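Asks: Sequence first, then the predicted structure, then my questions.
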2 protein chains.
Amino acid sequence: MEHILPSYLSRRDGDLWLTEDEHDHLKVSYRIKEIVFEQKSPFQDVMILDSYSFGRMLVLDGIVQTTSMDGHIYNEMISHVPMSIHPHVKKVLIIGGGDCGAAKEICKYAGVEQIDMVEIDELVVKACREHLPKVSGRLSDSRVQFIFDDGVKFAKGKKNEYDLIIVDSSDPIGPAQVLFEKSFYQSLHTALKEDGLMVCQSQSPIFHLDVMKQTYTRISNLFKEAKMYTAVVPTYPGGLWSFTIGSKHYSSPNPSKVRDKDTHYVNEQIIQSCFALPQFLV
Amino acid sequence: MEHILPSYLSRRDGDLWLTEDEHDHLKVSYRIKEIVFEQKSPFQDVMILDSYSFGRMLVLDGIVQTTSMDGHIYNEMISHVPMSIHPHVKKVLIIGGGDCGAAKEICKYAGVEQIDMVEIDELVVKACREHLPKVSGRLSDSRVQFIFDDGVKFAKGKKNEYDLIIVDSSDPIGPAQVLFEKSFYQSLHTALKEDGLMVCQSQSPIFHLDVMKQTYTRISNLFKEAKMYTAVVPTYPGGLWSFTIGSKHYSSPNPSKVRDKDTHYVNEQIIQSCFALPQFLV
């Protein structure tokens, strides 16, 4: 029996192509070598595809989430920047981050004692640990507690517990929308210790300036200190990506904390320069 | 008679789409509102297309060169960064740069007396001045001398003449390939005054790391000082873009020079931070 392809996969001249259908006005197609993994979870279609341009990619419902080629940029930036600001992180909560890349980076800090990783879709974690080693590092560290649950619900029950919370969400459409709401940031504020800090991805300053500004406003209304920084993420539309930090106490990065952390993108210079914002964002 | 579309334009469900055919493994398609301008020059097919995602775009032989949405990032970065390093630029040579954006930015400096803009294709300049005002600013400044000629040939005849040379070339395939050769940089060195400096775009550190490294090596072998910096260019593949400076004398930027220059991307913070390179480039 012939395998029936989902609408976002097609064969042309013998080649397999993935075409993202996320944007009405822009279509990106990736030539695919091989479908490495595919399975439906209760939440989405989970695929690991091997592409010619970006290596293996995590694809959820036909949308590229992270790739072997550039996944490290996003994951290093969402992890090492907040780690450079808080001087003694022991307990970390990661909401989302099913590709395991953020947890992998946090594990590089010997002082960290516990990482609660709350991801709603167990199948994403399984697929990435097994088939996307360049991003997940096949994460296996006894300090990581995998909790397959709703991140919003999980965070609501916590009080004064974490030094650092990382919100590694997908785009604010569908299930991830609640992760951009004011009440969610309020519950993160409560879940943090009195000198804790949070970081979230706050979308593209080029294509989602409204979401980015709203996220910054919501976080700066709740936290003593709000800071925005940027990085380049080649496979995300617009290339430029923003992250927002909300901190109860600490505000200055200590770039030397990232020294010898075996990173591919982040270094002391990048930590120092990532807070410089283009004129149109100032 | 029906208008015959070139192969990179197609109609689907009544909509017009431009599909770039530059990469074997990655296809980007832009939904087009309108063909604003189209004409064949002796060198290429010149089009100005109005797109939904990026506004008006300069398209040469079906490849997007610059857009209303993000053209300013590239043009500000290739112009203001070298201007912040040289303290008293009077005479400038721009090779390429047919969209007129780099010349427009250089014109913001009152001390500049003459800009020789050597672009091989007069039709590109005409199309951009008339139909791409967000990039070209409809450039009209008596200090700009338009010279429609081969940039390599033009530079060869010059000696000790320019304070700043900007090489604003397209990709090193076809006619622009010579603009990445050692002998070309040698002639720029000769064309510069004894305290002059040059800058060129040196491709994507993600997709063309070999070209970028080769350019840096060639320039650092010729000039007293070589420096690389990066910027995000959303419509270029990989998002991250590199620029390389070769300087005979000056090396440190003076960020305050860009103050009040009516820029949209560049500011003092960006000038200071753009030289920070990711770990994989260090």
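Replies: Nice, thanks for sending it over. Numbers count the residues shown, from 1 in each chain, chains lettered A, B, ... in the order given.
Asks: burial of the closest residue to A:Gln214 other than its chain neighbours, as a residue count?
Replies: In space, and not counting its chain neighbours, A:Gln214 is closest to A:Phe180: 7.6 Å by Cβ to Cβ, 6 or more residues apart in numbering or on different chains. For the C-beta atoms, the positions are set from N, CA and C on the backbone; glycine is no exception. Neighbour count of A:Phe180, defined by other Cβ atoms under 10 Å in any protein chain shown: 21.
Asks: so where do the helices sit in chain A?
Replies: Assigned by DSSP state H, the helices in chain A fall at A:71-85, A:101-106, A:122-131, A:133-136, A:151-156, A:182-191, A:209-222, A:268-273.
Asks: want to throw these into CSV with mean neighbour count?
Replies: Listed next are the helices of chain A as CSV, based on neighbours: other Cβ atoms under 10 Å in any protein chain shown:
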stretch, mean neighbour count
helix A:71-85, 26
helix A:101-106, 26
helix A:122-131, 20
helix A:133-136, 21
helix A:151-156, 20
helix A:182-191, 18
helix A:209-222, 17
helix A:268-273, 19
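Asks: Save these as TSV, and put in mean pLDDT too.
Replies: Shown next, in TSV, are those (pLDDT from 0 to 100):
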stretch	mean pLDDT
helix A:71-85	97
helix A:101-106	98
helix A:122-131	98
helix A:133-136	97
helix A:151-156	94
helix A:182-191	96
helix A:209-222	94
helix A:268-273	97
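Asks: Determine which of the ones you listed approaches B:Ile48 most closely.
Replies: helix A:209-222 (25.2 Å; Cβ to Cβ).
Asks: how far is that closest one from where the chain is centred?
Replies: 18 Å (Cα atoms, centre = their mean, to the nearest Å).
Asks: wouldn't A:Gln279 be in contact with B:Ile270 here?
Replies: Yes - shown here, A:Gln279 and B:Ile270 form a contact pair, counting by Cβ atoms under 8 Å, at 7.3 Å.
Asks: Poorly predicted segments of the stretch 151-282 of chain A, please.
Replies: For the stretch 151-282 of chain A, the stretches with pLDDT under 70 are A:175, A:237.
Asks: follow-up on the earlier one: from A:Lys104, how far out is the residue nearest to A:Gln214?
Replies: Per Cβ to Cβ, to the nearest Å, A:Phe180 is found 25 Å from A:Lys104.
Asks: Leaving out sequence neighbours, find the closest residue to the residue in the stretch 101-250 of chain A positioned nearest to chain B.
Replies: Closest residue of the stretch 101-250 of chain A to chain B, Cβ to the nearest Cβ: A:Gly239 (2.3 Å). Spatially, and ignoring its direct neighbours in sequence, A:Gly239 is nearest to B:Gly239 (2.3 Å; Cβ to Cβ, 6+ apart).
Asks: Neighbours of that neighbour, how many?
Replies: B:Gly239 has 26 nearby residues by other Cβ under 10 Å.
Asks: same question, A:Gly111
Replies: That count, for A:Gly111 with other Cβ under 10 Å as the rule, works out to 10.
Asks: ok, it - contacts?
Replies: Contact partners of A:Gly111, counting by Cβ atoms under 8 Å, 6 or more residues apart in numbering or on different chains, are A:His88, A:Val89, A:Lys90.
Asks: out of those, who's nearest A:Glu119?
Replies: Among the contacts of A:Gly111, and counting by Cβ to Cβ, the member closest to A:Glu119 is A:Val89, at 20.0 Å.
Asks: what's the distance between the nearest residue to that closest one once chain neighbours are set aside and A:Leu222?
Replies: Sequence neighbours aside, A:Asp163 is the residue nearest to A:Val89 in space, at 4.4 Å (criterion: Cβ to Cβ, 6+ apart). Distance of A:Asp163 to A:Leu222, computed by Cβ to Cβ: 17 Å.
Asks: I'd assumed A:Gly246 was in contact with A:Leu222.
Replies: Yes - at 6.3 Å, A:Leu222 counts as touching A:Gly246 under the criterion of Cβ under 8 Å.
Asks: any idea how far A:Ile206 is from the residue of the stretch 101-250 of chain A closest to chain B?
Replies: Distance, A:Gly239 to A:Ile206, using Cβ to Cβ: 8 Å.
Asks: Check the contact lists of the two and give me the overlap.
Replies: B:Pro234.
Asks: who are the neighbours in contact with A:Val232?
Replies: The contact partners of A:Val232, taken as Cβ under 8 Å, 6+ apart, are A:Ile73, A:Gly239, A:Leu240, A:Trp241, B:Thr230, B:Val232, B:Gly239, B:Leu240.
Asks: circling back: ok, the residue of the stretch 101-250 of chain A closest to chain B - contacts?
Replies: Contacts of A:Gly239 (Cβ under 8 Å, 6+ apart): A:Ile206, A:Val232, A:Val233, B:Val232, B:Val233, B:Pro234, B:Tyr236, B:Gly238, B:Gly239, B:Leu240.
Asks: Which secondary structure elements does the longest strand along chain A sit against?
Replies: Identified as the longest strand of chain A according to DSSP state E is strand A:26-40. In terms of contacts (3 or more Cβ pairs under 8 Å, 6 or more residues apart in numbering or on different chains; DSSP states H and E), strand A:26-40 is packed against strand A:15-19, strand A:45-51, helix A:122-131, strand B:26-40.
Asks: and stretch A:50-57, how far from the chain's centre?
Replies: Per Cα atoms, centre = their mean, the centroid offset for stretch A:50-57 relative to its chain is 19 Å.
Asks: that older thread, which pair of the contacts of A:Gly239 spans the longest distance?
Replies: For these, and using Cβ to Cβ, no pair is farther apart than A:Ile206 and B:Gly238, which are 14.9 Å apart.
Asks: Who has more neighbours out of these two?
Replies: Taking neighbours as other Cβ under 10 Å, A:Ile206 and B:Gly238 compare with A:Ile206 leading, 25 against 21.
Asks: near chain B, which residues of the stretch 101-250 of chain A?
Replies: Applying Cβ under 8 Å from any Cβ of the partner chain, we find that the stretch 101-250 of chain A lies next to chain B at A:Ile206, A:Thr230, A:Val232, A:Val233, A:Pro234, A:Tyr236, A:Pro237, A:Gly238, A:Gly239, A:Leu240.
Asks: hey, what's the closest residue to the last one other than its chain neighbours bridged with?
Replies: In other words, A:Leu240. Nearest residue to A:Leu240 in three dimensions, chain neighbours excluded: B:Val232, at 4.3 Å (Cβ to Cβ, 6+ apart). With DSSP bridges as the criterion, B:Val232 is bridged to B:Leu240.
Asks: Show me the domain layout of chain A.
Replies: According to automatic domain parsing, chain A comprises the domains A:9-65, A:71-281.
Asks: on that earlier part again, quick one: contacts of the longest strand of chain A?
Replies: Here strand A:26-40 makes contact (Cβ under 8 Å, 6+ apart) with A:9, A:15-21, A:45-54, A:56-57, A:64, A:123, A:127, A:130-131, A:237, B:17, B:24-31, B:52-53.
Asks: All set now, cheers.
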